[in-house]
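>>> predicted structure and sequence below. I'll ask about it afterward.
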Amino acid sequence: MFQPPVPVVIPETAGKEIYQGLSGFGSRDDNGCPAFCINHDFIETLKKDDCMDARNTPAPDLNPPFWKTTPLNRMTPEQWEALCDGCGRCCLEKLKNPTTGKVYYTSVACPLLNPVTCQCTDYDRRHQQMPDCLTLTPETVVRFRWLPKTCAYRLIAEGKDLPGWHPLISGDRRSVHRAGISVRGKAVSGAHVHPDDLSRHVIDRKLIDRG
């Protein structure tokens, strides 16, 4: 005996009634579901994650990130700049022992460094403003052994991956601050410290390399 369709009320549709009686006919659509599948024919009235077809789940992105496929010397200017984690550690003033060549970090930041954002306040003209400001290149990354061990440029040059707190991994520029990697709240501006007093602000190198 023919059975009339049974009305079914879906809570999410706030009272809209649909019929699933036709689903017993046995035919299947491209999703492998009954011809009248409420999860597809009425997908506009349902949440996407309610669909029982696992094939609706977006496929994972299999494209490797640029820092894993592109050497430092082949990166575009945009890729190179994006690699900087914005920690501000390399912008701390340093002292070099003329005899041993050892470099000592201080807690004094370059006068151009914003102590809150840890960004240069005059990046495009930094070399004119601060003649001692060094330029980081694929070549100098290898030579500047004083770079923090957490520095993304150094990590990539050494064949290592980026840490989880790096903005390129976390997708959040603030993650470097939350992880306690940046110099926010830890440095004083060089605008308030005389160069002759820098030796009073020397800090333990372990604080710089801590990740």
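That came through, no problem.

>>> show me where this protein has strands.
For the chain, the strands defined by DSSP state E occupy 7-9, 17-19, 92-96, 103-109, 188-189.

>>> looking at those, which is buried most?
strand 103-109 (a mean of 20; mean count of other C-beta atoms under 10 Å). To be clear about C-beta, it is placed using only N, CA and C from the backbone, and glycine gets the same treatment.

>>> JSON lines for the strands of the chain, including distance to residue 74 and mean pLDDT?
As requested, these are exported to JSON lines (distance: least, C-beta to C-beta, whole Å; pLDDT from 0 to 100):
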{"stretch": "strand 7-9", "distance to residue 74": "59", "mean pLDDT": "44"}
{"stretch": "strand 17-19", "distance to residue 74": "56", "mean pLDDT": "35"}
{"stretch": "strand 92-96", "distance to residue 74": "29", "mean pLDDT": "96"}
{"stretch": "strand 103-109", "distance to residue 74": "29", "mean pLDDT": "96"}
{"stretch": "strand 188-189", "distance to residue 74": "36", "mean pLDDT": "94"}
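
>>> okay, those strands in TSV with distance to residue 135 next?
Listed next are those as TSV, based on distance: least, C-beta to C-beta, whole Å:
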stretch	distance to residue 135
strand 7-9	68
strand 17-19	66
strand 92-96	15
strand 103-109	17
strand 188-189	22
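
>>> closest one to residue 165 among those?
Minimum separation from residue 165 across the strands of the chain (C-beta to C-beta) falls at strand 92-96, 18.9 Å.

>>> check contacts around residue 167.
85-86, 173, 175-176 (C-beta atoms under 8 Å, 6 or more residues apart in numbering).

>>> between these, which is nearest residue 71?
Closest to residue 71, out of all of the contacts of residue 167 and judged by C-beta to C-beta, is residue 85, at 18.9 Å.

>>> report the contact partners of the closest residue to residue 84 other than its chain neighbours.
Once flanking residues are discounted, residue 84 sits nearest to residue 152: 6.7 Å by C-beta to C-beta, 6 or more residues apart in numbering. Residues near residue 152 by C-beta under 8 Å, 6+ apart: 67, 83-85, 162, 166, 168.

>>> again, only this time at 7 Å
83-85, 162, 166 (C-beta atoms under 7 Å, 6 or more residues apart in numbering).

>>> got the domain boundaries for this protein?
Following automatic domain parsing, one gets these domains for the chain: 7-56, 66-209.

>>> any idea which of those domains scores lowest on pLDDT?
Among those, domain 7-56 carries the lowest mean pLDDT, at a mean of 42.

>>> before we move on, back to that, what about the contacts of residue 152, which are in helices?
residue 83 (DSSP state H).

>>> most neighbours, which of the contacts of residue 152?
Greatest neighbour count in the contacts of residue 152, by other C-beta atoms under 10 Å, goes to residue 85: 28 neighbours.

>>> quick one: that one and residue 197, what's the gap?
29 Å (C-beta to C-beta, to the nearest Å).
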